[in-house]
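Asks: My questions are about this predicted structure, shown below with the sequence.
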Amino acid sequence: MKHVYFFSKGQTDGDRDMRSLLGGKGANLAEMTRFGVPVPPGFTITTEVCRHHLIAHEMPDGAAEQVTDAIKRLERLTERQFGGATDPLLVSVRSGGAVSMPGMMDTILNLGLNDVTVEALARISGNECFAYDSYRRFLQMYSDVVLDVGHHSFEAILSDVKRQAGVETDNELDAQALRTVVRRYKELIESESNAPFPERPEDQLWGAIESVFQSWRNPRAQAYRKAYRIPHDLGTAVNVQTMVYGNRGEDCGTGVAFTRNAATGEPKLFGEFLINAQGEDVVAGIRDPLSIDQMQDYMPDALEQLEETAHNLETHYREMQDLEFTVENGVLYLL
């Protein structure tokens, strides 16, 4: 039985009846890839696997092998190695419910970073601050979601390091300060969880997949489903995608948008974005986001591509769409 569907430009698996197995976002990623939307390559683990895991607390037969094969396929496609010390493959792990439930379930970014791969990322990017900023984000997000180490403890460490460095925002920290943040984060994780942070990317991946499945049952997701009359037995797919980075510099960013104004119906992009940031920054309230219109002043080419893509998606699906996007070195990606 097929539990994993791969998507990348020109290499999308599956057929028309896979929508019921992948969930809304997973099926949309596959469909968007088919008609040329810039989606980072990856794979989707089906809602069927989630439903089985929630009952049996283990993966169904064959699912683990299919995930391993999909990672190897991603390695060949990207010419990177998962856990590699030269040019590491890093991924995001996101939920993908059959019905959109924004912000209700868990996401993990920058998965695959450890003490070896972070140095490789610093070398190949030529940007040590970017590499260690990504690492500290991953440590906090993974530990909060998977290891149950509360994010408030991490925020206290980050605030203390910023105070000592005499800066106000995260992206003002230099590489040495970010190294200090990472060291203190890892000390906190070991103290709170009674074990070192998992260095093996394979262990990180399985921890993330299982935690996203479990997030289907978290209180906020259950309350959302009850409020919007979404069936509780659908389960969520898991989308594993090659990382693209909005925090790599001033020609990078991330944002969320609707294909039209949700209040008035005006057919114009409506949303917000941040320069040199990753996805959680937009909703965290740490920095004031900019309106989508202001992308014209910073990334006009990416905005033009976003507008064209938004129009094409709304035309294809025949209803308003909500979008998550990242711009890396001026290039737009839909997530």
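Replies: Looks like it arrived, so ask away. Numbers count the residues shown, from 1 in each chain.

Asks: Select the helix or strand of the chain having the lowest average pLDDT value.
Replies: helix 19-34 (a mean of 67; mean pLDDT, DSSP states H and E).

Asks: Give the next helix or strand downstream of that one.
Replies: Of the helices and strands lying after helix 19-34 in sequence (DSSP states H and E), the nearest is strand 42-45.

Asks: What lies in contact with that following strand?
Replies: With C-beta atoms under 8 Å, 6 or more residues apart in numbering as the test, strand 42-45 has contacts from 3-8, 22-23, 26-27, 29-30, 63, 67, 70, 73-74, 91, 96, 209, 237-242. Bear in mind the C-beta positions are built from the backbone N, C-alpha and C, glycine included.

Asks: Identify the residues contacting stretch 150-161?
Replies: Contacts of stretch 150-161 (C-beta under 8 Å, 6+ apart): 136, 139-140, 143-144, 170, 173, 177, 180-181, 184-185, 188, 192.

Asks: Just send the residues you listed back as TSV, with neighbour count, secondary structure and distance to A227 too.
Replies: Shown next, in TSV, are the contacts of stretch 150-161 (neighbours: other C-beta atoms under 10 Å; DSSP: H, G, I helix; E, B strand; the rest coil; distance: C-beta to C-beta, whole Å):
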residue	neighbour count	secondary structure	distance to A227
R136	27	helix	35
L139	24	helix	33
Q140	22	helix	29
S143	22	helix	29
D144	18	helix	24
D170	22	helix	33
L173	21	coil	39
A177	19	helix	42
T180	19	helix	43
V181	26	helix	37
R184	18	helix	39
Y185	23	helix	35
L188	19	helix	35
E192	14	helix	33
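
Asks: Okay, now the unreliable bits of the stretch 151-300 of the chain?
Replies: By pLDDT under 70, the low-scoring segments of the stretch 151-300 of the chain are 283-286.

Asks: do that again at 90, thanks
Replies: Along the stretch 151-300 of the chain, segments meeting pLDDT under 90 span 151, 169-171, 262-263, 265, 279-288.

Asks: can I assume E266 is in contact with R260?
Replies: Yes. With contact taken as C-beta atoms under 8 Å, E266 and R260 are classed as touching, separated by 5.9 Å.

Asks: Neighbour count: these two, which is higher?
Replies: In terms of neighbours (other C-beta atoms under 10 Å), R260 is the more surrounded of E266 and R260; the figures are 18 against 10.

Asks: How about the secondary structure of the residue lying closest to the more buried one once chain neighbours are set aside?
Replies: Distance criterion C-beta to C-beta, 6 or more residues apart in numbering; nearest residue to R260, sequence neighbours excluded, is P267 at 4.8 Å. Counting by DSSP: H, G, I helix; E, B strand; the rest coil, the backbone at P267 sits in coil.

Asks: separation between P267 and Q321?
Replies: Here P267 is placed at a distance of 12 Å from Q321 (C-beta to C-beta, to the nearest Å).

Asks: anything in contact with each of those two?
Replies: Here P267 and Q321 have T259 as joint contacts, going by C-beta under 8 Å, 6+ apart.

Asks: more neighbours, these two?
Replies: Legend: neighbour count by other C-beta under 10 Å for P267 and Q321, higher for Q321 (20 against 13).

Asks: you'd agree the more buried one is up against H311?
Replies: No. With contact defined as C-beta under 8 Å, Q321 does not count as touching H311 (9.9 Å).

Asks: joint contacts of the two?
Replies: Contacts common to Q321 and H311, judged by C-beta under 8 Å, 6+ apart, are T259.

Asks: can you tell me which residues contact L139?
Replies: F154, V182, Y185, K186, I189, F197.

Asks: now, which of those residues lie within strands?
Replies: Nothing among the contacts of L139 maps onto strands, per DSSP state E.

Asks: residue boundaries of the strands in the stretch 51-200 of the chain?
Replies: For the stretch 51-200 of the chain, the strands defined by DSSP state E, counting those that start in this stretch occupy 81-82, 88-89, 91-97, 107-111.

Asks: Now tabulate those strands in TSV and tack on mean neighbour count.
Replies: TSV is the format used below for the strands of the stretch 51-200 of the chain (neighbours: other C-beta atoms under 10 Å):
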stretch	mean neighbour count
strand 81-82	20
strand 88-89	22
strand 91-97	25
strand 107-111	23
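
Asks: For D61, give me its contacts.
Replies: D61 sits next to no residue when contact means C-beta under 8 Å, 6+ apart.

Asks: Tell me if D301 really is in a helix.
Replies: Yes. Counting by three-state DSSP, D301 is part of a helix.
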